[in-house]
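Asker: next one to model:
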Amino acid sequence: MKPQADRSGFRFLSTATLLVSFALFSGAALSYAGIAGVRQNAVGGVMIDAQGLVRAATVVDREDLLNQLRAEVKAPPGQLGEAAKLRMVSLAKLQQAIRETKANGQRLPDEMRYLAGLQRVEYVLVYPEQQDIVLAGPAEPWVVREDASVVGAHSGQPTLLLEDLMIAMQSVEMARQAGISCSIEPTAEGRQRLNALLRRAQRNRLTDPRVLEPAMREAFGPQTVKLTGVPTDSRYARVLVAADFEMKRIAMELAEAPIQGLPSYMTMAKNQRQSSSTNPRWWMTTNYNALERTADRLAWRISGQGVKTLTESDRLLADGNVEQAGRTNKTAQKWAELMTEKYPELARSQAIFGDLRNIMDLSVIATLITQERLEQHSGCDLDVLMGTESLVQTSSFQTPRAIEPQCSFIRGNQGWIVSTSGGVSVNAFEVVSTQKVVNELSETHQAATADADTTTWWWNS
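Answerer: Presented below is the predicted three-dimensional model:
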């Protein structure tokens, strides 16, 4: 949806971030349906009711989830309890281990659900003679943190999940058609009610935000959550929505950043001229270096921060439509740059931002495997991860459909500005299309299997 404008001197951005914190917890009884572990709609801070309406989680909700996780997530055994600079995960052997576990009627153990403690995937290594594809990266023992997230014991960053890898693998073709994205958009009725309210406010010379804010929230009503490219009931989809919400909460001063040096956009803009004719908006997207590979395409290296924040301005027209303004709001650009600069630190402090980076990593890996036909080149059949064997069902949660609005205000030189815009876009195909040859990766390819244990699906180098 396009940003809307009104002659009253108020404006609002339609892909709204009228937000609550996102810890999706259903309160359902524990079970191990699928592979997600504790049966909960949990990704970082809200409740979703049976109608898909998002609301803030209570302290009791959070404590309940934390207690369940602590009871169900076990400490990593053996060498998994130690950090490793480079841990290898054999996809062929992992799939075989999953088959054996399911054949014995057992649930998948934590080491499978948490991908042997991988923090990131830095290498994709192809072994045609062994008919295998190996993922490699740094790993740590996983722990349950006070915020009810499962993170690396040393870095504090969320651990990669088998669940998210499977969704990424199964969604490549869907993403090819529609892209992977999320946005939150107002209903047509909500826009009409808000515009009517703002016109009345102008006629009555009402400018006090303490009076306007509750009236505007009521008029605007719930916002519609829109997701593309992945199943809307998946954990992956919830991470997209939650990360978008939390970014806007920080930008719009609805929540304080958990780190130093990242003020809200509202704070940065308060003493500057603000025009109600243009709208800044932000979105998070992929942020990787060119993929490095050997000439024979058997070794690949993925590097880069993973996530960046971008901004641009839209000019509001009299009829409520928008056009590109042709320039960037300098304050909005500065905030986007700060958000990008602080992202690694933010991902350690607030798990949802680490989760977003993780699913972007996994989508890049899945797209690389598909685009470069690594499954065919290696002879490694990925039917379990692709879901074609139907051995493992990924968890299905209540789809987030709407969210109650919250508003932030700054005073523009032409009236009050209600600024609430952004989204998330995962451009994995663009990342995979940018490559360069680095033949030194052959050494990593050769060394990675030197310490392989034929009895396990993971090992350290």
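
Asker: just the pLDDT for the closest residue to Y123 other than its chain neighbours.
Answerer: Among residues not flanking Y123 along the chain, A136 sits closest, at 4.1 Å (CB to CB, 6 or more residues apart in numbering). Quick note: C-beta positions are derived from backbone N, CA and C, even for glycine. A136 carries a pLDDT score of 98 in this model.

Asker: and A136, how many residues sit next to it?
Answerer: The local packing of A136 (other CB atoms under 10 Å) involves 26 other residues.

Asker: residues contacting it?
Answerer: Going by CB atoms under 8 Å, 6 or more residues apart in numbering, A136 touches L86, R87, M88, V89, V121, E122, Y123, V124, L125, T444, A448, S461.

Asker: could you do E140 as well?
Answerer: A83, A84, G117, Q119, G152, A153, H154, S155, T159.

Asker: which one of these is nearest R70?
Answerer: Nearest to R70 out of the contacts of E140 is A153 (CB to CB; 14.4 Å).

Asker: and the closest one, its phi and psi?
Answerer: With angles defined as degrees, to the nearest 10, A153 sits at phi -60, psi -30.

Asker: which residues does stretch 79-91 contact?
Answerer: Contacts of stretch 79-91 (CB under 8 Å, 6+ apart): 75, 111, 115-118, 122-123, 125, 132-141, 152-154, 380, 382, 385, 448-449, 452, 457-461.

Asker: show me the helices in the stretch 351-461 of the chain, by range?
Answerer: 351-371, 374-378, 383-386, 428-433, 441-447 (DSSP state H, counting those that start in this stretch).

Asker: just the buried ones from the contacts of stretch 79-91?
Answerer: 111, 115-118, 122-123, 125, 132-141, 152-153, 380, 382, 385, 448-449, 452, 457-461 (16 or more other CB atoms under 10 Å).

Asker: thinking again about what came up before, just give me the closest of the contacts of A136 to G221.
Answerer: When those are compared against G221 (criterion: CB to CB), the nearest one is V121, at 41.3 Å.

Asker: on the three-state scheme, the closest one is what?
Answerer: Put simply, V121 is coil when judged by DSSP: H, G, I helix; E, B strand; the rest coil.

Asker: where's it relative to V143, distance?
Answerer: For V121, the distance to V143 equals 21 Å [CB to CB, to the nearest Å].

Asker: you'd agree V230 is up against Q177?
Answerer: No - counting by CB atoms under 8 Å, V230 stays clear of Q177, with 11.9 Å between them.

Asker: mind listing what the closest residue to A251 other than its chain neighbours touches?
Answerer: Nearest residue to A251, sequence neighbours excluded (CB to CB, 6+ apart): Y265, at 4.4 Å. Contact partners of Y265, counting by CB under 8 Å, 6+ apart, are A251, M252, E253, P280, T331, A332, W335, S419.

Asker: out of those, which is most surrounded?
Answerer: Going by other CB under 10 Å, A251 tops the contacts of Y265 with 32 neighbours.

Asker: surely it meets S264?
Answerer: Yes - at 5.9 Å, A251 counts as touching S264 under the criterion of CB under 8 Å.

Asker: list the contacts of the spatially most central residue of the chain.
Answerer: In the chain, the centroid-proximal residue (CA atoms, centre = their mean) is L356; its distance is 2.8 Å. L356 makes contact with V239, L240, A243, M284, V307, A347, V424, according to CB under 8 Å, 6+ apart.
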